[in-house]
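Visitor: Here you go, sequence then predicted model.
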Amino acid sequence: MISGEFPPGAFDRIDEGDDGAFYAPPRLVTHIDEQAIAALSGFYGETIPPGGTVLDLMSSWVSHLPDDLALAEVIGHGMNQTELKANPRLTNHFVQNLNRDPALPLGDASCDAALCCVSVQYLQQPLDVFAEVRRVLRPGAPFIVSFSNRCFPAKAVAIWRSLDLRGHASLIHRYMDHTGFSGIAARVLANGMHGDPLVAVIGEA
């Protein structure tokens, strides 16, 4: 496990029960509203290089990729087979509990972009996972981590629950900086005045 000098208990959870059991029931719902989804889709369209291979980490039945963004491959990762099979943008997928095994089954420098949408708060070994993402990304490829103010509190790690939106952006920045990403920046995609807030932190491998 990579150490980032976090306080004791930073990655503890209220519910330390089996993740496989928690995520076993398919949740074919969206976790942000339509305005936030549209903003994220637009940002993806601006940022993800067309024609490449994208890793959609901690995905579900929808990836929020714009319909007109042509990609060679979209590799989905998640915790529920039914959800991943229902995602029309995925060309292939795999189920894996990253809290138990953060090693990604992908080759070095094999992806042109990586995404993690409203799920980073559940990672108990975030530095190991982020290091793996950087390993599988080609040099200069973007890693886009987006978050809102929603989560399953019982499964979110303690340090995430203790912070506000600004603190969440700083925490993700710290994850990226510690694992070698560069050009790290946060962008507010939806301010939350009339719906869900949404922030994206992006770094380059």
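Guide: Looks like it arrived, so ask away.

Visitor: who's the most centrally placed residue in the chain bridged to?
Guide: The C-alpha lying nearest the average C-alpha coordinate of the chain belongs to residue 116 (Cα atoms, centre = their mean; 1.6 Å). Beta-bridge partners of residue 116, counted by DSSP bridges, are residue 57, residue 145.

Visitor: Check whether it really touches residue 142, as I assumed.
Guide: No: checked against Cβ atoms under 8 Å, the pair residue 116 and residue 142 is beyond contact range at 11.5 Å. (Glycine included, C-beta is placed from N, CA and C.)

Visitor: The lengthiest strand in the chain pairs with which strands?
Guide: Taking DSSP state E as the criterion, the chain has its longest strand at strand 182-191. Applying DSSP bridges to the sheet, strand 182-191 is found paired with strand 197-204 (antiparallel).

Visitor: Chain neighbours aside, what residue packs nearest to residue 189?
Guide: Distance criterion Cβ to Cβ, 6 or more residues apart in numbering; nearest residue to residue 189, sequence neighbours excluded, is residue 39 at 4.0 Å.

Visitor: Likewise for residue 182?
Guide: Nearest to residue 182 is residue 204, by Cβ to Cβ, 6+ apart, at 5.2 Å.

Visitor: so where is the protein shaky, pLDDT-wise?
Guide: 1-4, 24-31 (pLDDT under 70).

Visitor: all helices for it, in order.
Guide: Listed in chain order, the helices of the chain (DSSP state H) span 19-22, 34-47, 81-85, 126-136, 158-161, 165-178.
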